[in-house]
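# quick one, structure for this:
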Amino acid sequence: MNNLTGLCGIPAGDITGLLDLAEGFKEKLVSPEPVFPHLLQNRRIALVFFENSTRTRFSFEIAARHLGAGTLSFSASGSSVSKGETLSDTIRNLEAMKVDAFVLRHASSGAADFITGITRKSVINAGDGAHEHPTQALLDIFTLRRHFGGISGLKVAILGDVLHSRVARSNIFGLQTLGARVALCCPSTLIPSDADALGVDLYTDIDRAIEWADAAIVLRLQLERTTGGYIPSLEEYSAHFGLNDERLEKIRKHLLVLHPGPINREIEISNNVADRIQPPGYSSSMLLEQVTNGVAVRMAVLQALLAS
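This next block holds a predicted model:
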């Protein structure tokens with residue numbers, strides 16, 4: 001691989017190779033004094049973020065520094081983009097500064113694939129519109145694999161605003177490639193138009209979805225959707241689709257819970273479910289574990305694409 005713009009079409013062997021590489025990094029990350037070989041020394045990675053980010057941006061920066069690479073942090077606000085500079089010109093100017101790779105987040109679907117056509121440097125998609133977010137899916141899959149010991153045969157329910165979610169699409173592609181069954185659960189207004197072609201099960205009843213699933217990936221409800229006519233109100237969405245203890249106690253089945261963050265507490269997920277690391281209760285939250293795993297996975301991606 002020279003680029004990672006999505007998981008659609010990526011062979012299972014390549015995904016597994018990245019997860020295996022991340023395993024070694026994870027073991028060192030949680031050790032008392034983590035030390036890593038500087039395999040990317042003298043490399044320069046441009047973090048080009050046209051949208052806000054906390055976890056993705058910082059985990060890429062930490063991952064790069066663990067491997068010895070330097071980072072350049074770009075934000076659209078305060079840059080020449082505010083003066084009318086195009087994405088193409090931004091990338092070409094950064095390439096002229098001799099960077100070795102671009103980590104791109106952009107509001108337009110397909111932006112990462114677009115810039116692979118104008119640069120010979122490596123491109124990593126950190127989220128483009130409602131298209132894909134491959135490293136988030138990889139860290140989700142990595143988290144599931146470490147907990148369950150494998151992915152094949154696993155039943156994963158993706159709950160929430162699937163229509164606008166790049167995380168959902170990357171997870172569908174990656175999980176299915178590794179042999180998992182995937183179900184989507186959301187209001188009918190938030191089901192993607194191509195859902196039938198994705199090979200997933202569809203639910204509009206969250207109780208049935210979580211009763212079926214071994215694990216749930218809860219998606220952030222994008223709050224601006226309440227004014228777009230997709231849902232009547234936040235209160236009704238939470239009442240019908242929020243993941244909480246009452247629902248878990250009804251099915252009386254243990255559920256592993258993931259969320260890509262940031263979370264809307266007491267809307268798509270309750271405080272108890274979001275914060276529960278240990279029993280009692282019918283769920284285990286992996287939210288902070290996912291954040292740690294994100295560093296390991298992004299180290300693996302950077303090494304796979306950039307190490308000699």
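# show me where the stretch 101-250 of the chain has strands.
101-106, 122-128, 155-159, 181-185, 201-203, 215-218 (DSSP state E, counting those that start in this stretch).
# show me what the second one is packed up against.
Okay, so that is strand 122-128. Contacts defined by 3 or more C-beta pairs under 8 Å, 6 or more residues apart in numbering; DSSP states H and E place strand 122-128 against helix 55-66, strand 101-106, helix 111-116, helix 134-148, helix 287-306. (Glycine included, C-beta is placed from N, CA and C.)
# what does the second one contact?
The reference is to strand 101-106. Applying C-beta atoms under 8 Å, 6 or more residues apart in numbering, the external contacts of strand 101-106 come out as 43, 45-51, 53, 56-57, 60, 87, 91, 94, 111-112, 115, 119, 121-129, 302, 305-306.
# what's in contact with stretch 10-27?
Residues from elsewhere that reach stretch 10-27 (C-beta under 8 Å, 6+ apart): 1, 7, 36, 66, 134, 138, 141-142, 145-146, 173-174, 177-179, 292-293, 295-297, 299-301, 303-304.
# that stretch: which residues count as buried?
Neighbour counts using 16 or more other C-beta atoms under 10 Å place 10, 15, 18-19, 21-22, 25-26 of stretch 10-27 among the buried residues.
# and for stretch 235-255?
Of all the residues in stretch 235-255, those buried under the rule 16+ other C-beta under 10 Å are 237-238, 241-244, 247-248, 251, 255.
# I'd like those residues as a markdown table, with pLDDT and distance to residue 266 appended.
Shown next, in a markdown table, are those (pLDDT from 0 to 100; distance: C-beta to C-beta, whole Å):
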| residue | pLDDT | distance to residue 266 |
| --- | --- | --- |
| 237 | 94 | 11 |
| 238 | 95 | 7 |
| 241 | 96 | 13 |
| 242 | 97 | 7 |
| 243 | 97 | 11 |
| 244 | 96 | 8 |
| 247 | 96 | 14 |
| 248 | 95 | 15 |
| 251 | 90 | 20 |
| 255 | 96 | 18 |
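# want to throw these into CSV with distance to residue 151?
Listed next are the buried residues of stretch 235-255 as CSV, based on distance: C-beta to C-beta, whole Å:
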residue, distance to residue 151
237, 30
238, 30
241, 26
242, 27
243, 22
244, 27
247, 25
248, 23
251, 23
255, 17
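# among these, which one sits closest to residue 107?
residue 237 (23.5 Å; C-beta to C-beta).
# the closest one against residue 222, yeah?
No. Using C-beta atoms under 8 Å, residue 237 makes no contact with residue 222, being 11.3 Å away.
# hey, which helix or strand in the chain has the poorest pLDDT?
strand 70-75 (a mean of 88; mean pLDDT, DSSP states H and E).
# got the CA positions of it in PDB?
Coordinates of the C-alpha atoms in strand 70-75 are reproduced here as PDB (Å, rounded to 0.1, in the frame of the first residue of the first chain):
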ATOM      1  CA  GLY A  70       8.100  15.100  12.500                       C
ATOM      2  CA  THR A  71       4.600  16.500  12.000                       C
ATOM      3  CA  LEU A  72       3.300  19.700  10.500                       C
ATOM      4  CA  SER A  73      -0.200  20.700  11.700                       C
ATOM      5  CA  PHE A  74      -2.500  22.500   9.300                       C
ATOM      6  CA  SER A  75      -5.900  23.900  10.100                       C
END
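# next secondary structure after that strand?
Next helix or strand after strand 70-75 toward the C-terminus (DSSP states H and E): helix 87-96.
# tilt between that following helix and strand 122-128?
140 degrees (axes from the mean of the first three to the mean of the last three C-alpha atoms, to 10 degrees).
# for helix 87-96, which residues meet the burial criterion?
Neighbour-count burial for helix 87-96, counted by 16+ other C-beta under 10 Å, picks out 87, 90-91, 94-95.
# would you list those in TSV and tack on pLDDT and distance to residue 214?
Output for the buried residues of helix 87-96, formatted as TSV (pLDDT from 0 to 100; distance: C-beta to C-beta, whole Å):
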residue	pLDDT	distance to residue 214
87	92	40
90	93	43
91	94	41
94	94	43
95	95	44
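# which one of the residues you listed is nearest residue 169?
Using C-beta to C-beta, residue 87 comes nearest to residue 169 of the buried residues of helix 87-96, at 21.4 Å.
# what's near enough to touch that closest one?
Each residue near residue 87 by C-beta under 8 Å, 6+ apart is listed here: 50, 106, 111, 114-115.
# out of these, which one has the weakest pLDDT?
For the contacts of residue 87, the weakest pLDDT value sits at residue 50, with 92.
# for that residue, grab the count of nearby residues.
Using other C-beta atoms under 10 Å, residue 50 is surrounded by 21 other residues.
# hang on, it packs against residue 107?
Yes. With contact defined as C-beta under 8 Å, residue 50 reaches residue 107; the gap is 6.2 Å.
# surely residue 293 and residue 143 touch.
Yes. Residue 293 is within contact range of residue 143, at 5.2 Å (criterion: C-beta under 8 Å).
# that concludes my questions; thank you for your assistance.
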